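Student: would you be able to build a 3D model of this:
(chains A and B)
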Amino acid sequence: MKKLTSVILVSMVLGAGGAVWADSDSAGRSVGGKRLDVAPVTLDKYKQECGSCHFAYQPGLLPARSWEKMMATLDDHFGENAELDAQVAKDLTAYLVEHAADKSDYKRSAGINKSIAAGEAPLRITETAYFKRKHNELPKRAVEDNPKVKSFSKCETCHVNADKGSYNEHEVRIPGFGRWED
Amino acid sequence: MKKLSLIMAASLMLGTNAGMAAVVDDMLKEFGGAGNAQDGAAMWKKEFVDPASGEKRSCVTCHGADLKTAGKHATTGKPIEPLAPSVNKQRLTDRQEIEKWFKRNCKWTVGRECTAQEKANFLVFIRGQ
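Tutor: As a prediction, the model looks like this:
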C-alpha cells in the first residue's frame, strides 16, 4: 500500500511538472524555459505587408496608442506613402493593438512601455528612453557611420535573432565589428 | 471562341503566366484600352523632384534600370525582388498588390496618383520585361 502511494505521488509530481513545461512552451517561451525578450510576430499578413519594406517590428516594441497613431498616418509613413487597403489596415491595427507593449508581459515590452510617459505616443522605437539606454554605449562608427549598418532602425542587421523576438546582447554581431558586449 | 483559343495559344507560346495575362488584361480594359510600352519605359526613368526634400526620385531609385535584377529600398535598404515577370513569376498576378503599389509609389515618386493612361503604360512596359 505504501509503495503504491509512493508511485502515485511520483506520477502526480511528474505529471504536474510535465504540464508546467507544456504551458511554458505554448506561452511562447524558449526551450530552456526562459522567457523571450519580445513576443514574436504571429500574423503572416503583418509580415507580408509591413515586412516587404522594412524589418517587421514586433507589436510588443511600442504601446497600443503608438500603433494606432502610426496606422492612422500611413499616407506619410516617415516620409513615404505606405497606404493600405482599408480592411487590411483595420486587421493589422487590431493585431498590433492587441499585442502592444502595454499589453505584454514579455520583459523588453514591459521595459519599453515603462520608459514612455503616459501622454506620449512615440512612432520611433529608437526614440524611447528604454531603447536609448540600451544603445548608449555604441559609438557612431559602429552604427550611423558604419556603411554596413547606417541606422538603428534595422534591428535585424546586428541582432541576428531579432526576427524571433530575441534581442539578447550575446547575440549581437555588428557587421564589420563582430561581437558587441559591454 | 476561335479568338480566345488564339490568344491562349499565343500566351502559351510566349511562355507567359496565365494568371498574369488575365489580371493585366482586365486592368487595361478598365484603364480604357491599350498602354504604350515606350511611354511606360520613358516614365520609368523620368526624374521628379520631391518638393519637401529636394531630392530627385524615379522608379529607378528603388527598382533599378534593369527590371530583371533586384532593386533596393531607398531608405531601408531592404532588397526588392525583380519586377520583370520573365524572371519573377509572381509579378503582375495579384490585382490588389498591383493597385497598392501603384498608389504608394506614384505618390512617393511623382507626388500624385498616376493617371489611368500612365498605369496602362507601366503595365504594358513591365509585362514585356
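Student: alpha carbons only for contacts and neighbour counts from here, please
Tutor: OK.
Student: near chain A, which residues of chain B?
Tutor: Residues of chain B lying near chain A by CA under 8 Å from any CA of the partner chain: B:His73, B:Thr76, B:Lys78, B:Ile80, B:Lys100, B:Lys103, B:Arg104, B:Asn105, B:Lys107, B:Trp108.
Student: just the buried ones among these, please.
Tutor: When the residues of chain B next to chain A are checked for burial by 16 or more other CA atoms under 10 Å in any protein chain shown, the buried set is B:Lys78, B:Ile80, B:Lys103, B:Arg104, B:Asn105, B:Lys107, B:Trp108.
Student: among the residues of chain B next to chain A, which are located in helices?
Tutor: Here DSSP state H is the test, and the residues of chain B next to chain A give B:Lys100, B:Lys103, B:Arg104, B:Asn105, B:Lys107, B:Trp108 as lying in helices.
Student: could you dump those residues to CSV with distance to A:Glu127?
Tutor: Formatted as CSV, these follow (distance: CA to CA, whole Å):
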residue, distance to A:Glu127
B:Lys100, 30
B:Lys103, 30
B:Arg104, 26
B:Asn105, 27
B:Lys107, 27
B:Trp108, 25
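Student: on that earlier part again, among the buried ones among the residues of chain B next to chain A, which has the minimum pLDDT value?
Tutor: Within the set of these, pLDDT is lowest for B:Lys78 (90).
Student: you'd agree it is up against A:His54?
Tutor: Yes. Assessed by CA atoms under 8 Å, B:Lys78 is found in contact with A:His54 at 6.3 Å.
Student: burial of A:Lys134, as a residue count?
Tutor: Applying other CA atoms under 10 Å in any protein chain shown, we find 10 residues neighbouring A:Lys134.
Student: ramachandran angles for it?
Tutor: Backbone geometry at A:Lys134, expressed as degrees, to the nearest 10, gives phi -80, psi -20.
Student: got it, and A:Ser52?
Tutor: phi -80, psi -20.
Student: residues contacting it?
Tutor: The contact partners of A:Ser52, by CA atoms under 8 Å, 6 or more residues apart in numbering or on different chains, come to B:Lys78, B:Ile80.
Student: give me the pLDDT value at it.
Tutor: On the pLDDT scale, A:Ser52 is placed at 91.
Student: ok so, going back, can I get the buried ones among the residues of chain B next to chain A in TSV with distance to B:Gly33?
Tutor: Below are those laid out as TSV (distance: CA to CA, whole Å):
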residue	distance to B:Gly33
B:Lys78	35
B:Ile80	29
B:Lys103	20
B:Arg104	23
B:Asn105	23
B:Lys107	23
B:Trp108	26
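Student: picking that back up, so which of the residues of chain B next to chain A is the closest to chain A?
Tutor: Comparing these against chain A with CA to the nearest CA places B:Arg104 closest, at 5.1 Å.
Student: so what's that closest one closest to, chain neighbours aside?
Tutor: Here the nearest residue to B:Arg104 in space, its sequence neighbours aside, is A:Asn81; by CA to CA, 6 or more residues apart in numbering or on different chains that works out to 5.1 Å.
Student: ok, so what distance separates the residue of chain A found nearest chain B from A:Gly51?
Tutor: Nearest residue of chain A to chain B, counting by CA to the nearest CA: A:Asn81, 5.1 Å away. For A:Asn81, the distance to A:Gly51 equals 15 Å [CA to CA, to the nearest Å].
Student: likewise for A:Leu123?
Tutor: Distance of A:Leu123 to A:Gly51, computed by CA to CA: 17 Å.
Student: comparing the two, which residue is more hemmed in?
Tutor: Comparing A:Leu123 with A:Gly51 by neighbour count (other CA under 10 Å), the higher total belongs to A:Leu123, at 18 against 14.
Student: give me phi/psi at that one?
Tutor: Dihedral angles of A:Leu123 (phi, psi; degrees, to the nearest 10) stand at phi -100, psi -20.
Student: ok, it - contacts?
Tutor: Contact analysis of A:Leu123 by CA under 8 Å, 6+ apart lists A:Leu62, A:Ser66, A:Trp67, A:Lys69, A:Met70.
Student: now, which of the residues you listed lie within strands?
Tutor: Per DSSP state E, strands hold no members of the contacts of A:Leu123.
Student: rewinding a little: the residue of chain A closest to chain B: how many residues sit nearby?
Tutor: Count around A:Asn81 with other CA under 10 Å applied: 20.
Student: next up, phi/psi of it, please.
Tutor: Dihedral angles (degrees, to the nearest 10) for A:Asn81: phi -90, psi 120.
Student: same question, A:Lys103
Tutor: For A:Lys103, the backbone dihedrals (degrees, to the nearest 10) come out as phi -120, psi 10.
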